[in-house]
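Trainee: What follows is a predicted structure for the sequence shown.
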Amino acid sequence: MSEKKQVFGYILNQFGVLASGHKNEKKVVEIRKFPTGHINKTYFIHISGDDDIFASDYVLQTLNSNVYISSEAVMHNIEVISERFDEEYIPQDGDMDIDIPQFLYVNDKNYLELAGECWRMYRYIPEAQDLSKTPFQIGFAYGRYIQKLNTGELELLQTVEGYHDFEAYHNRLLAVTKDNSFETIKAFRSKLGAIFTEDIPKRYIHGDAKADNVILRSDGICTILDLDTTMKHYVALDYGDMVRSVTSGIPEGEMLDAIRLATAGFANGLDGILTRQEIDSLFYGILWVTWELAVRYLTDCYTEERYFVNMTVEQCKERVQQLIEQSEKFSQIKEQIKLIIEAEFVKYTSGTAM
């Protein structure tokens with residue numbers, strides 16, 4: 001047996017997924033690395049036994065210690081979030097439900113420390129084969145995630161230094177390029193400072209609200225993945241990342257329809273918790289996250305210690321161009337997007353909203 005297989009065997013035994021039962025010996029049938037994801041190493045694990053009734057699939061992942069301040073902080077936050085999701089929730093008539101992965105435990109921890117690495121594991125959640133998730137469902141999932149987390153205070157720890165700090169990303173770009181000629185980025189940084197003032201509250205958000213991080217299960221429930229960057233920040237950032245991702249790669253003529261559906265779902269999931277100032281800031285969240293990603297990819301073009309470790313310099317350059325073009329498209333339809341936001345959120349004006 002190779003050293004790699006021995007390591008995986010030890011890890012799986014520690015998580016208890018190879019434990020035999022009913023005279024059935026379980027064994028690892030398949031281990032393959034997921035091709036997507038630029039931060040953590042993620043593996044698909046298929047385990048079976050003498051009888052297929054005992055077959056099961058898992059996701060095994062090791063956290064990137066170069067990205068996260070502390071693996072323990074990440075997993076502490078996930079445990080806190082899981083406790084919030086364990087609280088009783090009764091969906092209203094016709095309401096959708098959301099869920100998060102349930103991480104396996106080793107003794108009293110939801111992770112395993114091995115040779116300086118943090119490993120974690122949960123059951124694989126397949127995307128429904130007979131259903132197709134819509135921008136509305138993606139928007140609802142992130143809106144309801146925010147609504148659920150903000151029913152009370154959470155003891156969350158910082159997991160990534162300077163995450164969603166546009167000024168910090170801009171300063172790092174200047175440091176690695178020794179060049180202060182990025183005038184467009186500099187001007188946009190000033191504009192963000194004028195829009196996102198102390199009048200806009202910060203709430204618990206997902207922090208990486210991409211369409212790919214929502215799985216629509218066959219039972220109609222949306223499972224939200226990659227909770228590692230859940231933090232207190234502007235809701236506009238989750239809205240912006242969601243809109244950026246659901247419109248990425250689609251024809252321009254379909255952008256407004258996708259944005260309308262995603263916004264309707266987001267507003268529905270939030271259920272009226274946003275203030276007037278937060279609603280007014282939502283459009284600028286789209287530009288913020290799009291330009292922020294462009295700055296981060298641009299920085300990786302000039303440094304060997306890249307954040308997006310699986311991307312080449314050429315791929316980073318191509319991504320920068322794509323993001324700039326996408327930002328320009330959003331700016332061109334700014335007024336239409338603002339009208340969509342207003343029309344959808346006016347339906348949820350009770351409580352603190354508006």
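Mentor: That came through fine.

Trainee: which element is Glu325 on?
Mentor: If you go by DSSP states H and E, Glu325 is part of helix 313-332.

Trainee: Mind giving me the packing neighbours of that helix?
Mentor: Applying 3 or more CB pairs under 8 Å, 6 or more residues apart in numbering; DSSP states H and E, one finds that helix 313-332 contacts helix 276-300. All C-beta spots, glycine's among them, are computed from the backbone N, C-alpha and C.

Trainee: and the helix it packs on with helix 313-332, angle?
Mentor: 150 degrees (axes from the mean of the first three to the mean of the last three CA atoms, to 10 degrees).

Trainee: before we move on, back to that, excluding its own residues, what touches the helix holding Glu325? List them.
Mentor: The contact list for helix 313-332 (CB atoms under 8 Å, 6 or more residues apart in numbering) reads 243-244, 247-248, 252, 255, 286-287, 290-291, 293-294, 297-298, 300-301, 306, 308, 311, 337.

Trainee: List only buried entries from those.
Mentor: 243-244, 247, 255, 286-287, 290-291, 293-294, 297-298, 300-301, 306, 308, 311, 337 (16 or more other CB atoms under 10 Å).

Trainee: returning to what we had before: return the distance of the helix holding Glu325 from the chain's centre.
Mentor: Distance of helix 313-332 from the chain centroid (CA atoms, centre = their mean, to the nearest Å) equals 20 Å.

Trainee: Packing partners of whichever helix or strand comes after that helix?
Mentor: Scanning forward in sequence from helix 313-332 by DSSP H and E, the next helix or strand is helix 334-345. Helix 334-345 sits against helix 252-270, helix 276-300, with contacts defined as 3+ CB pairs under 8 Å, 6+ apart.

Trainee: one more time with 10 Å, if that's ok
Mentor: For helix 334-345, the packing partners by 3 or more CB pairs under 10 Å, 6 or more residues apart in numbering; DSSP states H and E come out as helix 235-246, helix 252-270, helix 276-300.

Trainee: Where do the helices of the chain begin and end?
Mentor: Using DSSP state H, the helices of the chain run over 3-14, 71-86, 135-149, 166-177, 183-195, 235-246, 252-270, 276-300, 313-332, 334-345.

Trainee: I'd like those written out as a markdown table, with distance to Asn40 added.
Mentor: Below are the helices of the chain laid out as a markdown table (distance: least, CB to CB, whole Å):
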| stretch | distance to Asn40 |
| --- | --- |
| helix 3-14 | 15 |
| helix 71-86 | 10 |
| helix 135-149 | 20 |
| helix 166-177 | 20 |
| helix 183-195 | 28 |
| helix 235-246 | 18 |
| helix 252-270 | 26 |
| helix 276-300 | 17 |
| helix 313-332 | 18 |
| helix 334-345 | 33 |
